[in-house]
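> Show me how the following folds:
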Amino acid sequence: MASDFPAADTAVVLLGRGMPHGEQWATLNALAEKLRADCSYAAVRIAFLEMTEPSVSAVLDDLERTGHGRAVIVPCFVPYDRNVAGWLGRSLAQRRKSGRVGISVAMAPDIDKSPAFAAAIESSIAIGLGTEDVVTALRPLRDTQTGGQIPPHRDQIFVCLGPRCAESGAWEVLARLRAAIKREGLDTNRPGAIDRAIVCRSSCLFPCAQAPAVIVQPDGAWYGKVSPDDIDEIVASHLRDRKPVARMLLRLEAALDDPTDWPLAHGQIGTIEIKDMFARFAMKKAGALAIFGTIETNDNTPDRLVGVSSPLARFCGIHGPGRPHDSIVTDAFGDWPIALGAPLRLRAGALHLMLFDVNRDLAPGESFPVAFNFEKAGSIGIDITVQPGH
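From the prediction side, this is the model:
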């Protein structure tokens with residue numbers, strides 16, 4: 001339904017795509033200044049879809065605080081792709097319906113649909129036809145200008161500033177992260193320190209339903225739905241103390257510490273010895289645990305591992321290259337021989353045990369019972385500790 005708001009009571013928001021270092025800000029702000037001088041709108045603001053502040057939501061919140069009743073958002077970049085066009089309008093509609101955006105909002109058509117757009121392109125072409133070749137018109141770039149020195153660091157933290165994350169508060173997350181890292185003394189301004197952290201802005205990191213998203217590398221730790229109030233805990237626990245914050249983790253790719261820094265499980269039954277066992281979540285959202293370690297015998301008589309079970313898992317099996325998940329069931333555990341000098345080594349990227357449909361959310365440091373069943377030696381139960389990792 002059309003609005004009866006006159007131009008003098010309407011705020012205009014010029015929307016840019018955004019660039020990593022805010023290169024579009026000056027250009028868009030100059031256009032806003034011209035509109036302010038030439039037109040009679042109540043206000044003219046600029047906002048960016050991603051990678052540059054301020055976000056659309058931040059601008060709309062400010063317009064509402066300053067008493068404006070209506071805003072028209074004007075996309076000022078080409079192409080204004082259908083995914084963005086469909087998502088942004090519907091996202092704002094949902095926020096309007098829920099009351100999170102209190103002022104009336106309208107979306108102007110993208111500029112390439114304006115009859116004047118082709119004329120503007122033709123005008124630019126005409127100017128270009130009379131311009132010198134770049135080799136004489138511009139100073140060639142020197143090789144020394146194309147790179148720089150990478151500062152020493154241990155952690156690299158990526159904050160997603162893609163469209164959905166930016167609209168979900170990622171800029172506030174980024175500001176809090178930078179402040180917390182400096183407060184903990186982990187910033188790159190400390191000469192000679194090896195535990196420094198580099199904060200990087202990123203475009204879309206993909207898990208949009210988990211916005212805002214933050215990734216800590218080289219640990220491969222994916223955090224989702226991060227709020228500014230979560231940042232102090234992530235910095236203190238993960239970056240400073242090397243303990244991931246389990247309640248926010250979407251995925252953790254690698255251990256933060258060597259396995260010897262964490263409890264390793266051992267057990268023996270007859271001639272069979274179970275050594276250096278530990279577990280890591282393989283697919284936490286799917287409730288899958290991977291178990292690593294070594295099983296060996298100290299006797300010339302070989303044995304076989306014929307089954308593994310745990311009260312925490314619906315079924316267990318051995319997984320590895322060439323063994324898809326859907327073929328791993330308890331009833332088809334397989335024939336896994338253990339002979340003197342030929343132990344069964346359970347390793348990441350090779351054969352390892354998998355527990356599926358784990359019914360408890362285990363944090364690093366917690367342990368759980370596992371029973372190993374052997375054809376000759378019988379059954380033995382041990383408690384295995386969960387380590388941070390993939």
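
> mind checking which helix or strand residue 177 is in?
helix 170-183 (DSSP states H and E).

> OK, contacts around residue 239?
155, 157, 181, 184, 186, 197, 216 (C-beta atoms under 8 Å, 6 or more residues apart in numbering). Yep, even glycine has a C-beta here, placed from its N, CA and C like the rest.

> how close does it sit to residue 171?
Per C-beta to C-beta, to the nearest Å, residue 239 is found 20 Å from residue 171.

> any idea of the mean pLDDT in the one helix or strand residue 121 maps to?
Element membership for residue 121 (DSSP H and E) is helix 115-129. Averaging pLDDT along helix 115-129 gives 92.

> can you map out the strands along the stretch 251-390 of the chain?
265-269, 272-283, 288-297, 303-309, 315-319, 336-338, 344-346, 352-356, 367-374, 378-385 (DSSP state E, counting those that start in this stretch).

> any chance of those strands in a markdown table, with distance to residue 113, mean pLDDT and mean neighbour count too?
Shown next, in a markdown table, are the strands of the stretch 251-390 of the chain (distance: least, C-beta to C-beta, whole Å; pLDDT from 0 to 100; neighbours: other C-beta atoms under 10 Å):
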| stretch | distance to residue 113 | mean pLDDT | mean neighbour count |
| --- | --- | --- | --- |
| strand 265-269 | 65 | 95 | 16 |
| strand 272-283 | 44 | 88 | 20 |
| strand 288-297 | 49 | 91 | 21 |
| strand 303-309 | 62 | 91 | 19 |
| strand 315-319 | 53 | 81 | 20 |
| strand 336-338 | 65 | 87 | 17 |
| strand 344-346 | 60 | 88 | 19 |
| strand 352-356 | 52 | 87 | 22 |
| strand 367-374 | 59 | 94 | 18 |
| strand 378-385 | 60 | 95 | 16 |
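
> Can you check the pLDDT for residue 44?
pLDDT, read off for residue 44, is 96.

> and it, how many neighbours?
Number of residues near residue 44 (other C-beta atoms under 10 Å) recorded here: 19.

> State whether it is indeed within a strand.
Yes. Under DSSP: H, G, I helix; E, B strand; the rest coil, residue 44 sits within a strand.

> Next one: it relative to residue 55, how far apart?
17 Å.

> Let me see the domain layout of the protein.
The chain breaks down by automatic domain parsing into domains covering 7-113, 155-252, 259-385.

> what about the shortest one, how long is it end to end?
Right, the one you point to is domain 155-252. End-to-end distance for domain 155-252: 14 Å, by C-alpha to C-alpha, to the nearest Å.

> pLDDT (mean, whole number) over that domain?
Rounded mean pLDDT across domain 155-252 is 88.

> Any regions of the stretch 1-150 of the chain where pLDDT drops low?
For the stretch 1-150 of the chain, the stretches flagged by pLDDT under 70 are 1-6, 21-22, 82-83, 143-148.

> So which residues of it form helices?
Assigned by DSSP state H, counting those that start in this stretch, the helices in the stretch 1-150 of the chain fall at 23-38, 56-65, 82-98, 115-129, 134-137.

> Give me whichever of those is most buried.
helix 56-65 (a mean of 19; mean count of other C-beta atoms under 10 Å).

> Residue 209 is nearest to which of the helices of the stretch 1-150 of the chain?
helix 82-98 (12.1 Å; C-beta to C-beta).

> and the direction of that closest one versus that of helix 56-65, what angle?
40 degrees (axes from the mean of the first three to the mean of the last three C-alpha atoms, to 10 degrees).

> Please write out the alpha-carbon positions of helix 82-98 in CSV.
C-alpha atoms of helix 82-98 as CSV (Å, rounded to 0.1, in the frame of the first residue of the first chain):
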residue,chain,number,x,y,z
ARG,A,82,17.9,-10.8,-7.1
ASN,A,83,19.1,-12.7,-4.0
VAL,A,84,20.0,-9.4,-2.3
ALA,A,85,16.9,-7.7,-3.5
GLY,A,86,14.6,-10.5,-2.2
TRP,A,87,16.4,-11.0,1.1
LEU,A,88,16.8,-7.3,2.1
GLY,A,89,13.2,-6.3,1.5
ARG,A,90,11.8,-9.4,3.2
SER,A,91,14.2,-9.1,6.1
LEU,A,92,13.1,-5.5,6.7
ALA,A,93,9.5,-6.5,6.4
GLN,A,94,10.0,-9.2,9.1
ARG,A,95,11.7,-6.6,11.4
ARG,A,96,8.8,-4.2,10.8
LYS,A,97,6.3,-6.8,11.6
SER,A,98,8.1,-7.8,14.8
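
> list the helices and strands that helix packs on?
helix 56-65, strand 70-75, strand 104-107, helix 163-167 (3 or more C-beta pairs under 8 Å, 6 or more residues apart in numbering; DSSP states H and E).

> need the ones you listed in CSV with distance to residue 86, can you?
Output for those, formatted as CSV (distance: least, C-beta to C-beta, whole Å):
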stretch, distance to residue 86
helix 56-65, 15
strand 70-75, 13
strand 104-107, 11
helix 163-167, 11
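
> Residue 313 is nearest to which of these?
helix 163-167 (34.2 Å).

> outside of the closest one, which residues touch it?
Here helix 163-167 has contacts from 18, 48-51, 55-57, 84, 87-88, 91, 159, 204-205, 208, 211-213, using C-beta under 8 Å, 6+ apart.

> make it 7 Å
49-50, 55-57, 84, 87-88, 91, 208, 211-213 (C-beta atoms under 7 Å, 6 or more residues apart in numbering).

> okay, it in PDB with CA atoms only?
Taking C-alpha atoms only, helix 163-167 is exported to PDB below (Å, rounded to 0.1, in the frame of the first residue of the first chain):
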ATOM      1  CA  PRO A 163      24.700  -8.800   4.400                       C
ATOM      2  CA  ARG A 164      22.900 -11.000   6.900                       C
ATOM      3  CA  CYS A 165      25.600 -10.800   9.600                       C
ATOM      4  CA  ALA A 166      26.000  -7.000   9.200                       C
ATOM      5  CA  GLU A 167      22.200  -6.600   9.700                       C
END
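
> Great, nothing more from me.
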